[in-house]
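# Model the following, please.
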Amino acid sequence: MKITDAFWEKRNLGTDVTEITAEAGDSAETLCAALAKVTVPYSVVKIPAGSPELLAAAQSCGYRVVEMGIEAVGDLRRITVPRLYSRFAPHIRMERAEGAALDAVLGEIRRGEIFDTDRIAQDPAFSAEIAGRRYYNWCCDALEAGAFMGLIYYKDMPAAFNLAKEIKGSGGMLDGILGGVLPEAAQKGLGFLVVFGETEICRHFGAQQYLAKASSNNLPILRLHLQFGYELRSMSYVLVKHQ
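Residues are numbered from 1 along each chain as shown. Sure thing, here's the model as predicted:
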């Protein structure tokens, strides 16, 4: 079990936050004992799928399930663009987001209109605006640490973005930090460009695999990853509690 003082969330959410990540080998008693010591206003528990005793224990301590965190891996050697989307390919290109283009994307993220399925955006105690600020800070920190933001254009229109970094020692896998479709493109049914962009970033880095993360609250993006040939790697319950 890992218990973390998520001090960085104070800047994002305006409150102290504790994150507890349980492991399959933990006991219900150990988890309950740890949760009983949590006194901060907002806390998050992550429990691996297939651990019903741990899930029940967290719920008995007043935590409620808000989503499942899902990881999927795309391998360029097996990914295929579905025929439905292949006709768009000649009109798509990716560039590194820099300067004014980067500022524009970060501005859209900060407005909080992109990630409406986010657990912070959906929480009555927070808001979509707070979720946007959280993702904005997250992106800025990742970029400062060396992450790469790819901007996907469709017919010269900025349409989607992907933020990723190389996982050291992984043998050529990128960690997908964040991806989204920009509001104007979303209205045109171009959400698939988020997944298309992941493959383009892999080619840019010479990487073979991409680790994508999605919430169970966002079924469309999960379906897209499966359509492109991604394989599920892990799932975990995410529970929260407001004191």
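# As a check, name the ranges of all strands in the protein.
2-5, 17-21, 42-48, 64-75, 92-96, 148-154, 157-166, 173-181, 209-215, 231-242 (DSSP state E).
# Out of those, which is closest to Leu84?
Closest approach to Leu84 among these (Cβ to Cβ): strand 92-96, 14.1 Å. In short, each C-beta sits where N, CA and C put it, glycine included.
# what's that closest one packed up against?
With contacts taken as 3 or more Cβ pairs under 8 Å, 6 or more residues apart in numbering; DSSP states H and E, strand 92-96 sits against strand 148-154, helix 193-205.
# if you set the cut-off to 6 Å instead, what comes out?
Helices and strands touching strand 92-96, by 3 or more Cβ pairs under 6 Å, 6 or more residues apart in numbering; DSSP states H and E, are strand 148-154.
# The strand it packs on vs strand 157-166, what angle?
Interaxial angle of strand 148-154 relative to strand 157-166 (axes from the mean of the first three to the mean of the last three Cα atoms, to 10 degrees): 150 degrees.
# got the CA positions of strand 148-154 in PDB?
C-alpha atoms of strand 148-154 as PDB (Å, rounded to 0.1, in the frame of the first residue of the first chain):
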ATOM      1  CA  PHE A 148       6.400  16.600 -25.600                       C
ATOM      2  CA  MET A 149       3.100  18.000 -26.800                       C
ATOM      3  CA  GLY A 150       2.000  17.100 -30.300                       C
ATOM      4  CA  LEU A 151      -0.600  19.200 -32.000                       C
ATOM      5  CA  ILE A 152      -2.800  17.400 -34.600                       C
ATOM      6  CA  TYR A 153      -4.000  19.500 -37.500                       C
ATOM      7  CA  TYR A 154      -6.900  18.600 -39.800                       C
END
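# That one pairs with which strands?
With DSSP bridges as the test, strand 148-154 is paired with strand 92-96 (antiparallel), strand 157-166 (antiparallel).
# From the rest of the structure, what touches the first one?
When contacts are taken as Cβ atoms under 6 Å, 6 or more residues apart in numbering, the neighbours of strand 92-96 outside the stretch itself are 150-154, 200.
# okay, those residues in JSON lines with neighbour count and distance to Arg83 next?
Output for the contacts of strand 92-96, formatted as JSON lines (neighbours: other Cβ atoms under 10 Å; distance: Cβ to Cβ, whole Å):
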{"residue": "Gly150", "neighbour count": "21", "distance to Arg83": "24"}
{"residue": "Leu151", "neighbour count": "21", "distance to Arg83": "26"}
{"residue": "Ile152", "neighbour count": "27", "distance to Arg83": "20"}
{"residue": "Tyr153", "neighbour count": "17", "distance to Arg83": "22"}
{"residue": "Tyr154", "neighbour count": "17", "distance to Arg83": "18"}
{"residue": "Glu200", "neighbour count": "16", "distance to Arg83": "19"}
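# who's sitting farthest from the centroid in this structure?
Distance from the centre of the chain peaks at Glu29, with 30.4 Å (Cα atoms, centre = their mean).
# gap between the helix or strand bottoming out on mean pLDDT in the chain and the chain center?
Of all regular secondary-structure elements in the chain, judged by mean pLDDT, DSSP states H and E, the least confident is helix 183-186 with a mean of 89. Offset of helix 183-186 from its chain centre (Cα atoms, centre = their mean, to the nearest Å): 19 Å.
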